[in-house]
Each structure stands twice: as C-alpha cells, then as structure tokens.
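# Next come a sequence and a model predicted from it.
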Amino acid sequence: MRGVIVRCCAALLAWCCLAGPALALSAADALAVARGDTDERIAAIHRLAGSADGRAAALLRALATESLKFSETQVFIVEGERALDALSGQPAALPDAAEDAMLNNRLRGALDTALAGIELFTAGPERQREAARSLQRNAFNDPDPEGLPLIEKALATELDAGARQSLELAQAALQLASEDQALRLAAATKLGEARQAIVRPLIEERLKHEASADVKAALTRSLAAIDRRLALASGLGQAFTGISLGSILLLAALGLAITYGLMGVINMAHGELIMIGAYATWLVQGLFRQYWPEAFDYYLLLALPAAFAASAAVGAVMERTVIRFLYGRPLETLLATWGLSLVLMQLVRSLFGAQNVAVENPSWMSGGLTVLGSLSLPWNRLIILAFAAAVLIGVSLLIARTRLGLFVRGVTQNRPIAACMGVNTARIDTWAFALGSGIAGLAGCALSQIGNVGPDLGQAYIVDSFMVVVLGGVGQLAGTVYAALGLGLLNKFIEGWAGAVLAKIAVLVFIIVFIQKRPQGIFALKGRSVEA
Amino acid sequence: MSRMPSPATVVLPARAPLLTRAGWSAFLAALLAVCALAPVLNLLLPAGHPLHLSDYMVSLVGKIMCYAICALAMDLIWGYSGILSLGHGLFFALGGYMMGMYLMRQIGRDGQYQSELPDFMVFLDWKELPWHWALSDSFLATLALIVLVPGGVAFVFGYFAFRSRIKGVYFSIITQALTYAALLLFFRNETGFGGNNGFTDFKRILGVPIATPSTRMVLFVLTGLTLLGCFLLARWLVRSPYGRVLQAIRDAESRTMFCGYDPLPYKLSVWTLSAVMCGIAGALYVPQVGIINPSEMTPANSIEIAVWAAVGGRGTLIGPIAGAFLVNGAKSWLTVTFPEFWLYVLGGLFIAVTLFLPQGVVGLVKKLRRGGSA
C-alpha cells in the first residue's frame, strides 16, 4: 500500500521535473546514467558533465562511489541509512525494488573524466590543477574523443595556468586521432613539447596509422624529443645511483684508508666493525622507541656517536690484544683479523640472533626529491651522500690539521724518528686504529638506513672496500675518494646494460687488470716506501 | 757473520735421501692403512664389530684427505714460495665442477625429467647442451679438463700477476677478488653450471653406481694414493734446486733476482702446480660428497685452506696434512656437538696460531722434542 503511494508521488515528482525545462538535470538523464547500455550511459555521463549543475555533480559522484540506486522511474542517492532523490536532493523513501547502479571499467573511466570536468568549472585553482592532471592522465591512457567537448569547453573559461597546460596536452592527445590534418599536426608538435614518457605509446600508435607525411614528420620529431629527455633522465638517474653507491663505498673504505692505507694493517674484520656500528644504531633506535618515542626522529644524533664509540672501542681492543703483535707481518695480520671477524660475527649472532634486525628510518629521511619530472632521488641516499662528504672532510682535517693527525703521519712516515721525538708510537697506533674503526662504525650507522642489518652485513663490504683502497693507492685519502666514486659509477653504468651480477664481475676484472698496469693504485707513492 | 759467503768457501751438504728411514716406514704405514687396512675394516668386518670402520668415517676421512691435498698445495705456494693465495677455493671448485659435469651426464635419462639433458637445463627450458659441456660425456676428456682448466686459469692469472710483480697482500686480495667474481658468475643460471644449486643427485661413475660402499672405498683409496703421491712430489720438489730457488724467492725476492734468477717462471710454475693439485682434490671430493655448488668458492672457504696449513705448520710438508686433519676433525665434531661454538673455535685458531704458533703444530712438537732432549 505504502509502496503504491510512494510510487505515485515519485511519478508525480518525475513528471514535475520533466515538465520544468529550466532544470538542467532531468529524470530521463538521471535514469540514462544509472541503467541501460554502457555506450548510452557513457554518452549520458558526458552530457551531464558539461551541464555544470550541482545536482548532476552529486549524481555522478554517487555513481562513482557506487551509492546510486534506481527504480523504474526514479534515481536515488544513498547516504548511509537514508536515501535522497537524485533530482531534488530531498530525502525520499527507497522502494524495495530499487536496484544498484552497476559500474564497469569503461564507465569508471568516463566518470573520472566527467567528475574532473565538473571540478574544473567549480573548484579553486588547486583542485582545478588536480582535475586537469587527472583529465590529462585519462586522455593519455584511453584517448576517447567523447571527452573532447568537455576539455574544449573548459579551455574556453578562465583557468589556472597549470591546469590549462595539462588540459592542452589532454586536448592534443585526443586531437591526435582527429580527421583534420592541421589539428593532428598541431597536436603532434604539442605532445612533443610535453617530453613525458607517458605520451610515447600514444605517438607510436598514431605513427602506425598516420597517412600524412607532414604529421608523420612532426610525430617523429616529437618522439625524438621525448626520447632525448628520457635518456637524459635515465642517465642522470644512473649517475645518481652510481654516485650514491660510490658514497657508500667511500664511507666503508674511509676507515680502511686509515688502518690499511696509513698504518698498513690488513684488517679483514673491517666489515665487522661496520656491522657493529649498524648494530649500535639499531640498539639506540630501540632505546628511543621504548623510552623516548616523541624524539624518535632525532635518534640518529645519538646513534652516530654511539656507533663511532662502539666500533672504535672494539677496534682499540683488537689493536691492543692482537694486531700490535703482528706489525710488519701483513699475511699473518690478514689471517688473525679474519679470525677476529669470525669471532665478532658469531658474537653478534649469539647476542642478537642470526636474523636481520629492522632499523627504522626517521621520518625526515623517507620520501625523495623529484627532478626532471620523472626522476626521484630518495632523501636517505642524498643524506648519506652529504654525510660521506662530511666524514671525508672531517677525516682529512683530522689528519692534516690536528696534533693526532700529525703524530699519525709522523709514525707512518718514520717510526723510529717519531719515537725519538718523543711520540708514544704504540699509543698513536692504538688511537689511529680506533679512529679508523670508528669511521667504520659511522659507515655502519649510514648503511643501517638503506639496507638490511644482520651479522653478515660486513661480509658484503669487505671485498669492495679493499678494492677501493687497493685501487686508490695506499696512503692516500684522495685516491680512496676517486676510487670509491669511480667504482660506484662504473658499477652502476655497467649494471645499466649488463645486469647487476655481470657488472660486479666486470668491475672486479677491471680492478684485476688495472692493478696489473699500476700495481700501486691510481696514486702511487714514489720512492723507497713503495717496496716496503 | 757475512750472509753471503764467497763461492770458494761454499761446501754443499751431501744430498739427503728423499725421506729418512723412519720417514719411509711412516709413509709405508700410511700407504698400507689407506690401501689395505681401511678397506678391510670397512667392507669385510660386520657393522657391529668393534674394529669396524663406519661408512660415515670413510666418507669423513675421504673428504678430509681431499682437504689435505689442498692444504699441501697451499703450503707449496705459501709455505715455500711466500705467496698467500686466498683463491684456492676457486681451483678446488673448478676441478669439482669438471668432475660434476661428467657425473651429471652419467645420470643419463634417470633424472627427474627423464631427459638426456641434466635436470636443471630442462628446468631452464634449454634444448641442447651449451658449448662448454661438449667434452663432458667422456671420462678421459674430463680427467684432462680437471688438470687443464684449473691449471689454465691459474697460469693466465698468475702470468699477469707475477709479471707485474704483484706480491704480498696485494696478491692475496686480488686472488680473493678473483674467487669472488667467479662465485658471482657461477651463481648465475646463464653460466650453465646449475646456478646456486650446482650439481647433485649423481647416480653413477664410469657406469658403476656411485653410492655403494665399494665405490666409495675405491674413491677413498684413490684419494689416499693421490694425497701420498702429492706428498712425495712436493717433498721431491722442495728439496730440489728448484725448490731451493723458491725458498730463496720467499725469503728475499730482490736478492734472488740480483743473483740472476728470474722469479717469474719459478713462481708461475709452482702456482700452476698448486692450482692443479687443488683441482684434482676437488674432482676427488665431488663424487664422495655428492654435491658441488658455488658456495665452495666463497672467500671464507679459500681462507680456511690457509688456516689448515697455518695450524699444521707452514714450510713443512707433514704440517698442512696434519692441520687439515686436526681442523676438520674438530669441525665435524664441534658442528655436531656445539654448533654455535665452531666459529669461535675457528676464529680463535686463526688468532692463536698467528700469535703463538707461527710454526704451527709441527713447530710446537719440534720445539717440545728439542726442549725434552736438551
């Protein structure tokens, strides 16, 4: 009984709506959007989108969120418990027989376009830009000439400059299939100016069907412009990852440049000192999370000195108990420090378990910097790059300007004379070794921000960091820097066309060949010390 | 005291025999133990007999004898020529892979996919054997490759390294890089060596089933004979003039050069010989343990060979063999009873031997004996 009354009222209402031509949204349109053949529904959606009517926008939004129902004569927007009549926006009773308006992918695409169009006419500049971008995306992904009138209408109105640019691109994408040759030509040129990877398949597709030679030439030119930009971006991206890898190698090798390069100690446990630094970072991070979560973003400030101190302490103990007895016997030092590395690894395994531990980045290190449209440079890599530079400067100042650095250089160059001058050479050895180890700890702290932290962490870096020091030449910080950055770049560039494993092999082979030619590294020490 | 007496006063000592009388007796005893005692105790005595040699012991000792050959090879270049190689695991693995390829072909159609091709190739959807497998179905060719491939790699690498006079730690680190590069290469499926699974599931060798006690015993005896043969060869070498020059190069390379010797052929030949010995050891090792994969090439494995030689005593020939048995015996005992302590013990061994026992166990025994007689 009630149903009948409702239906009568509804019919009356519908009739009222139909009767009033001033109302932009008609019941017929609303029903056409809600049900029927997909093609017809899409046409109806496009029609409504151009009407710039608030009720139409609400209807389309409801369809997009699948909260639209319809009966024989009427369309309802369902909002939680209650239903609104789509035409009037007034609450209405939902008939039992009301069906859900279904969606498919084509409809969703058309709806996206339509809603973006509505945004364009009604919203502020921020949302206009967003809507224009979404229109542009749709036009590139699925160029449907049905959307063209909407875009042209929008272009004719007052628009934000960014939004206009996006819309013009979208227009060009759609005009590419136009009948008019002049329009096609303009579109082809326009698309080339965008220099975006996403346009590429569109142009290629068109090239296959294009009959006109002029348009073809324009398309080819645009394609070339896009490819140039893409090549530039990928080249820069590779250079960045290469420099980033180089900065990591540099951090890992800087400590070695002191212990091996200056002191001549082959420390195979260097990788484990890096690992200890990473674990120290992990511990500090855990403490912050437990006791001081509000300051979590700043835990690195404490983790850096902690990592330095932990590794330096372990290094000092190593030097005092083992390494000092092996000075001048490099092969024995190699074996003993390898033994130390096994012990340290197993110690960490016993203390913290064999599994990798998770070190969380502070929030300011996540995300990245986007340049050239498509190239994203992660913050953590950039920060590590800066950190490596800072550590490098710090170490070179320390060696060149401080009293400790003076003593270290003195002991390295001539131990007996340094001792005659009153330098406690044994203590300087310990300090220098601890310094090198501490820098390894800093490297560990940095590495914990970009990779896994586990007992085997150091193993991955030991071969690489020795390669850097050997390639760079002993006793030279500058050589270490060039070697680290060079190896990083070389590795990543070969990786670009040969894959990661082959790149690694190629780099190792390159080093082996290079050492044949220059056994003392890039920067050879001259004079007697070479044979020592 | 002048270190270089003038030629007129040089009195060359009489050539000592290859082994002393006691040495020959010990050698013969070892020969008998390997060729007669072990087969009898393992095959003829019933399993419950107190003197029965279990299959586990046979394979363990067989494995360790392969390691001992490696240690001996390491001693030739490290102990006698002063070249520390951290890449001998590569030569060991190369020999093993050559043998492994032959054993893979011997599986024939008995693999999981019943194909002529080894299973992993079927799995990768390869239709025919890659070129480097061409000789793998012939046993004789495999034997030749076991010598030629590690020897060839060592010769080429050694030629360039020694020619540019790379020595000491530089050489060690570069050999390590070489092994590491090879490890990465062999991990790839495209290389055609089974990727990180390597070769396993061997069925037969020379048409004979491989897992039976008698085959295992034959391999055991062969390994033992090879070890003893290598020992005699090394003994003969280091006592020959050639060996003397090697030791001179070890102690003072520049001075040896000024005496008119070119170190290159000496170093290169002993380096290649050492690699070949390791390759043979690898080839004997694979059929006994039934698997070869790239993990044999990890830097850690190569450096462990050095520790066997160091523990036993460098610059003696019995030392590395003893070292291989001591370290690996301890390893197989500890990894079963206290698995978490093994790395502490191994690490401690590295440190203790370099700090306190530079002459290794053999040096310690000698010192004790001398102390006792004095």
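Perfect, thanks for sending it.

# Dihedrals phi and psi, A:Pro91?
When read as degrees, to the nearest 10, the backbone of A:Pro91 gives phi -60, psi 140.

# Count the residues that sit near it.
As a burial measure, A:Pro91 scores 12 neighbours (other Cβ atoms under 10 Å in any protein chain shown). C-beta coordinates here come from the backbone N, C-alpha and C atoms, glycine included.

# Report the separation between it and A:Val75.
14 Å (Cβ to Cβ, to the nearest Å).

# and what of A:Arg518?
81 Å.

# ok, these two, which is more surrounded?
Set side by side, A:Arg518 and A:Val75 show more neighbours around A:Val75, with 27 against 13, by other Cβ under 10 Å.

# what residues are up against that one?
A:Ala27, A:Ala30, A:Leu31, A:Val33, A:Ala34, A:Leu59, A:Leu68, A:Lys69, A:Asp85, A:Ala86, A:Leu87, A:Ala101 (Cβ atoms under 8 Å, 6 or more residues apart in numbering or on different chains).

# Ok, A:Pro378 next?
A:Pro378 neighbours (Cβ under 8 Å, 6+ apart): A:Gly367, A:Gly368.

# hey, what's it bridged with?
A:Pro378 has the following beta-bridge partners by DSSP bridges: A:Gly368.

# mind listing the strands for the chain?
If you meant another chain, say so; for now it's chain A. A:68-70, A:75-79, A:82-85, A:91-92, A:99-100, A:368-371, A:375-378 (DSSP state E).

# oops, I was thinking of chain B
Using DSSP E, strands in chain B cover B:199-200, B:204-205, B:208-209, B:291-292.

# can you put those strands in a markdown table and add distance to chain A, mean pLDDT and mean neighbour count?
Output for the strands of chain B, formatted as a markdown table (distance: least, Cβ to the nearest Cβ, whole Å; pLDDT from 0 to 100; neighbours: other Cβ atoms under 10 Å in any protein chain shown):
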| stretch | distance to chain A | mean pLDDT | mean neighbour count |
| --- | --- | --- | --- |
| strand B:199-200 | 20 | 87 | 20 |
| strand B:204-205 | 32 | 86 | 18 |
| strand B:208-209 | 37 | 86 | 12 |
| strand B:291-292 | 20 | 90 | 23 |
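
# Mind putting the strands of chain A into CSV with mean pLDDT?
Shown next, in CSV, are those (pLDDT from 0 to 100):
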stretch, mean pLDDT
strand A:68-70, 80
strand A:75-79, 80
strand A:82-85, 79
strand A:91-92, 78
strand A:99-100, 78
strand A:368-371, 73
strand A:375-378, 78
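
# what's the closest of those strands to A:Ala139?
Counting by Cβ to Cβ, A:Ala139 lies closest to strand A:368-371 out of the strands of chain A; the figure is 22.2 Å.

# Now do the closest one: which elements does it pack against?
Strand A:368-371 is packed against strand A:375-378, helix A:379-401, with contacts defined by 3 or more Cβ pairs under 8 Å, 6 or more residues apart in numbering or on different chains; DSSP states H and E.

# now that strand: how far from the chain's centre is it?
In terms of Cα atoms, centre = their mean, to the nearest Å, the centre of strand A:368-371 is found 8 Å from the chain centre.

# Can you name the residues in contact with it?
A:Leu236, A:Ser376, A:Leu377, A:Pro378, A:Trp379, A:Leu382.

# mind listing what the second one touches?
Applying Cβ under 8 Å, 6+ apart to A:Ser376 gives the contacts A:Gly368, A:Leu369, A:Thr370.

# Neighbour-wise, which one of these leads?
Going by other Cβ under 10 Å, A:Gly368 tops those with 14 neighbours.

# ok so, going back, would you turn the strands of chain A into a markdown table with distance to A:Ser448?
Listed next are the strands of chain A as a markdown table, based on distance: least, Cβ to Cβ, whole Å:
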| stretch | distance to A:Ser448 |
| --- | --- |
| strand A:68-70 | 51 |
| strand A:75-79 | 50 |
| strand A:82-85 | 54 |
| strand A:91-92 | 59 |
| strand A:99-100 | 52 |
| strand A:368-371 | 19 |
| strand A:375-378 | 15 |
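
# Tally up the residues packed near B:Phe220, please.
B:Phe220: 25 neighbours (other Cβ under 10 Å).

# what's the distance between it and chain A?
From B:Phe220 across to chain A, the span is 31 Å (Cβ to the nearest Cβ, to the nearest Å).

# gap between that residue and B:Leu103?
Distance, B:Phe220 to B:Leu103, using Cβ to Cβ: 17 Å.

# residues from the stretch 1-150 of chain B in reach of chain A?
B:Trp78, B:Leu84 (Cβ under 8 Å from any Cβ of the partner chain).

# Next up, the contacts around B:Pro130.
When contacts are counted by Cβ under 8 Å, 6+ apart, B:Pro130 is found next to B:Gly192.

# Can you tell me how far it is from chain A?
With Cβ to the nearest Cβ as the criterion, B:Pro130 and chain A are 17 Å apart.

# Then B:Leu178?
Taking Cβ to the nearest Cβ as the measure, B:Leu178 falls 6 Å from chain A.

# Tell me how many other residues crowd the closest residue to chain A within chain B.
Using Cβ to the nearest Cβ, the closest approach of chain B to chain A is made by B:Phe350 at 2.4 Å. By other Cβ under 10 Å, the residues close to B:Phe350 number 29.

# If I follow the layout properly, it ends up in contact with B:Val307?
Yes. B:Phe350 sits in contact with B:Val307 when judged by Cβ atoms under 8 Å, with a separation of 5.7 Å.

# Overlap of the contact sets of the two?
Counting by Cβ under 8 Å, 6+ apart, the common neighbours of B:Phe350 and B:Val307 are A:Leu335, A:Gly339.
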